[in-house]
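1. attaching a predicted model along with its sequence, questions to come.
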Amino acid sequence: MNRLKEYHIQFVALELGSHQFEFDINDSFFEHFEFSQVHRGDVHVEVSLEKMERMMIFNISLTGKVLVTCDRCTNEFYFSLSDSQKLIVKLGAEYLEESDDVIVIPDTEHKFDLSPYIYEFIHLALPVRLLHPDDEHGNSTCDPDMLQLLQKLTPTGTTDSRWEELKKLNN
């Protein structure tokens, strides 16, 4: 049994025009995806579907928070996210990804699974570098012990003299 079937949109039964869907993503959603950067979270997803004769346009809005690992101190924290994405699904002869946001599915299909796209859009809403947010005074809220250790391990202004000789070659 596919436990993600609640994210399947039965588009054949829908009339042409606009349709609205809402989903609440929680920890059980992320369990279905191996190697996920996110394992826990609460995300509200609003989907606006514009169904046409041979095409569907999904406007997907995400708001919520997900548990991520800080790239600086390696402690977990909840990151608030808010994002909107558009996905265009066309009906054609066979499955094909025309671009990042345009997909062709066989015209024999009667449903469309949004779960992998919701998963992908949640990850796309995350910044490249995940860091604890600063407090109201601009100070890091990372683990102070880890910050102290990082400070000790950060090399001071000395450089290897061999690099200086190599830099002369550029001139």
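-> Perfect, thanks for sending it.

2. from now on I want contacts and neighbour counts done on CA atoms only, so please keep to that.
-> OK.

3. now do the SS call for Gln20.
-> What DSSP: H, G, I helix; E, B strand; the rest coil gives for Gln20 is strand.

4. next up, the contacts around it.
-> Neighbour list for Gln20: 46-49 [criterion: CA atoms under 8 Å, 6 or more residues apart in numbering].

5. mind putting those into CSV with distance to Ile118, neighbour count and pLDDT?
-> Formatted as CSV, those follow (distance: CA to CA, whole Å; neighbours: other CA atoms under 10 Å; pLDDT from 0 to 100):
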residue, distance to Ile118, neighbour count, pLDDT
Glu46, 10, 18, 97
Val47, 10, 21, 97
Ser48, 13, 17, 97
Leu49, 14, 22, 96
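
6. for these, which one is nearest Gln85?
-> Nearest to Gln85 among these: Val47, at 9.7 Å, using CA to CA.

7. any idea which element the closest one lies in?
-> strand 40-51 (DSSP states H and E).

8. CA atoms only: put that strand into PDB for me.
-> The C-alpha trace of strand 40-51 is given here as PDB (Å, rounded to 0.1, in the frame of the first residue of the first chain):
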ATOM      1  CA  ARG A  40      11.200  16.100  10.700                       C
ATOM      2  CA  GLY A  41       9.000  19.000  10.100                       C
ATOM      3  CA  ASP A  42       5.600  20.600   9.900                       C
ATOM      4  CA  VAL A  43       4.800  22.200   6.500                       C
ATOM      5  CA  HIS A  44       1.500  23.400   5.200                       C
ATOM      6  CA  VAL A  45       1.100  23.100   1.400                       C
ATOM      7  CA  GLU A  46      -1.500  24.900  -0.600                       C
ATOM      8  CA  VAL A  47      -1.900  23.700  -4.200                       C
ATOM      9  CA  SER A  48      -3.800  25.700  -6.800                       C
ATOM     10  CA  LEU A  49      -4.500  23.500  -9.900                       C
ATOM     11  CA  GLU A  50      -5.600  25.000 -13.200                       C
ATOM     12  CA  LYS A  51      -6.800  22.100 -15.300                       C
END
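
9. which other helices and strands does that strand contact?
-> When contacts are defined as 3 or more CA pairs under 8 Å, 6 or more residues apart in numbering; DSSP states H and E, strand 40-51 sits against strand 17-25, helix 27-30, strand 55-69.

10. using JSON lines, please lay out these together with mean pLDDT and distance to Glu136.
-> Output for those, formatted as JSON lines (pLDDT from 0 to 100; distance: least, CA to CA, whole Å):
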{"stretch": "strand 17-25", "mean pLDDT": "96", "distance to Glu136": "30"}
{"stretch": "helix 27-30", "mean pLDDT": "91", "distance to Glu136": "30"}
{"stretch": "strand 55-69", "mean pLDDT": "96", "distance to Glu136": "20"}
